[in-house]
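Visitor: Structure for the following, please:
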Amino acid sequence: VQFVESGGGLVQPGGSLQLSCKISGLDPGSDLRDYGTRWYRQAPGQEREAVATLYSSGGFINYSEAARGRFTASKDFRRSTIYLHMTNLKPEDTGVYYCRALGAGSEDYWGPGTQVTVSS
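Guide: Numbers count the residues shown, from 1 in each chain. Sure thing, here's the model as predicted:
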């Protein structure tokens with residue numbers, strides 16, 4: 001399974017970024033509708049934390065308290081890509097953002113991460 005993450009970078013406080021995570025090489029006959037997908041972030045010196053969970057069925061999305069109201073996650077199974085649109089960014093949003101795909105069995109795949117820096 002291969003991941004291509006993009007969209008990270010340097011942004012001023014109050015700005016916006018959209019992260020993308022394109023996933024290829026999933027099991028034949030399956031697509032992202034069969035996988036739960038998540039966005040995580042890891043700030044310097046801190047543990048990795050989930051910011052958005054997109055469930056494989058029903059379209060339900062759960063956000064962390066820090067992300068709720070500012071971040072919007074979405075999935076386009078035709079493009080095999082998940083997105084994280086982030087608005088009103090704050091310095092404490094700085095970190096490496098990772099995407100993750102979990103299958104119904106033991107499949108558990110992580111992307112390489114993309115750096116987001118919020119600073120003036």
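Visitor: So Tyr109: helix, strand or coil?
Guide: strand (DSSP: H, G, I helix; E, B strand; the rest coil).
Visitor: partners of it in the sheet?
Guide: Beta-bridge partners recorded for Tyr109 (DSSP bridges): Ala101.
Visitor: export stretch 102-117 as CSV, just CAs?
Guide: What follows is stretch 102-117 as a C-alpha-only set of coordinates in CSV (Å, rounded to 0.1, in the frame of the first residue of the first chain):
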residue,chain,number,x,y,z
LEU,A,102,-7.6,0.4,8.7
GLY,A,103,-9.3,-2.5,7.1
ALA,A,104,-11.9,-4.9,8.5
GLY,A,105,-9.2,-7.4,9.3
SER,A,106,-5.7,-6.7,10.5
GLU,A,107,-4.8,-4.2,7.7
ASP,A,108,-3.3,-1.1,9.3
TYR,A,109,-1.5,1.3,7.0
TRP,A,110,0.2,4.6,7.8
GLY,A,111,1.2,7.5,5.5
PRO,A,112,4.7,9.1,5.8
GLY,A,113,3.4,12.4,7.2
THR,A,114,3.4,16.0,6.1
GLN,A,115,4.7,18.9,8.1
VAL,A,116,2.3,21.7,9.1
THR,A,117,3.8,24.8,10.7
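Visitor: and that stretch, how far out from the chain's middle?
Guide: On the basis of C-alpha atoms, centre = their mean, to the nearest Å, stretch 102-117 sits 8 Å off its chain's mean C-alpha point.
Visitor: show me where pLDDT drops low in the protein?
Guide: Counting by pLDDT under 70, the chain shows low-confidence ranges at 58.
Visitor: now with 90?
Guide: 26-34, 55-60, 103-107 (pLDDT under 90).
Visitor: For the residue nearest to Ser30 when sequence neighbours are not counted, which residues are in contact?
Guide: Closest residue in space to Ser30, ignoring its immediate chain neighbours: Gly103 at 7.6 Å, by C-beta to C-beta, 6 or more residues apart in numbering. Glycine gets a C-beta too; all of them are placed from N, C-alpha and C. Contacts were defined as C-beta atoms under 8 Å, 6 or more residues apart in numbering; by that measure Gly103 touches Asp27, Ser30, Asp34, Tyr35.
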